[in-house]
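Q: for reference, the sequence and a predicted model appear below.
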Amino acid sequence: MNSNPERPPPVRLPELLKGQKALVTGANSGIGKATAIALGRSGADVVVNYATDRPAAEAVVAEIEAHGVHAYAHQADVSREDQVVDMVATMVDRLGTIDILVANAGLQRDAPTAEMTLAQWEKVISVNLTGQFLCAREAIKEFLRRGVVPEVSRAAGKVICMSSVHQTIPWGGHVNYASSKGGVAMLTQTLAQEFAPHKIRVNAIAPGAIKTPINRAAWQTPEARDSLLRLIPYGRVGTPLDIANAAVVLVSDLCDYVVGTTLYVDGGMTLFPGFATGG
């Protein structure tokens, strides 16, 4: 029995992704770290992408390899085309192919719209949206080249685009971030539509409030936490493992008929809780 409702148990299905090769971007912390470890726990070999902080990425590699699979760290800025092309080519050379992409890398550069600089806008769009496009494009090239290998997976390849509840919920003071995630929603659906006939599954996960370093101020103090919980009908703030568990199942053959959808993992935040008593 899970004694701590704030900390969900990990998915313990070591054969679910056996023999598959996964790339997780932004995997040295937060949601990316938890997802990379969860994929390794479920049998996949994992490439741990990071932009900065190699020691943190290497620590994730060690934790993955403790589950008896292979892993290595690869530094790349996902907004740089040449670095993404090299990252996927290196993965194919070292691991033989790619079966799973979790395009997770993302950041915020917050400011009121009237004060937001072009640099703040472009940085968020380039990493959160263009970065996902570049990673998905390169992974899909390999999926198309290799095709379906039935003993590995029923799909030729799986992509998870990491989105946010803010692909649906407007967020004043974060117009660059919300716009990037709205773009991710349409990127997901368009890629899914285009490549489903090739047995490539593209889906998105939209996290709600998750305890990660990027939003520490929103949950670290009791006052901030109480304010945040008013937006979450389920009564707790999520953890990276909530997202990781969902990702493992979504890229597995258990979800082979799930194509072009967004899975909201948000404790009900998108249920508009302010209207629960009639508004």
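A: That came in fine, so what should we check first?
Q: specify the local secondary structure of the closest residue to His174 other than its chain neighbours.
A: Using CB to CB, 6 or more residues apart in numbering and skipping residues adjacent in sequence, the residue nearest His174 is Asp110, 5.4 Å away. Placement of C-beta: from N, CA and C, glycine included. Secondary structure of Asp110, reduced to three states by DSSP: H, G, I helix; E, B strand; the rest coil: coil.
Q: try the one 4 residues further on
A: Assigned with three-state DSSP, Ala114 falls in the helix class.
Q: count of neighbours near it?
A: 5 (other CB atoms under 10 Å).
Q: pLDDT score assigned to it?
A: Reading off the confidence values, Ala114 has pLDDT 97.
Q: relative to Ile243, how far out is the residue nearest to His174?
A: 21 Å (CB to CB, to the nearest Å).
Q: between the two, which one's more packed in?
A: It is Ile243, of Asp110 and Ile243, that has more neighbours when counted by other CB under 10 Å, with 29 against 13.
Q: now do that one against Gly172, distance only.
A: Using CB to CB, which is the criterion applied here, Ile243 is 25 Å from Gly172.
Q: and for Arg146?
A: For Arg146 relative to Gly172 (CB to CB), the value is 45 Å.
Q: and these two? Which one has more around it.
A: Higher neighbour count among Arg146 and Gly172: Arg146, with 16 against 8, using other CB under 10 Å.
Q: so that one touches Val152, yeah?
A: No - here Arg146 does not reach Val152: they are 9.6 Å apart, not a contact under CB atoms under 8 Å.
Q: which helix or strand lies directly C-terminal to the top strand by length along the chain?
A: Identified as the longest strand of the chain according to DSSP state E is strand 200-207. Next in sequence after strand 200-207, counting helices and strands by DSSP states H and E, comes helix 222-229.
Q: centre of the chain to that following helix, how far?
A: Computed by CA atoms, centre = their mean, to the nearest Å, the separation of helix 222-229 from the middle of its chain amounts to 25 Å.
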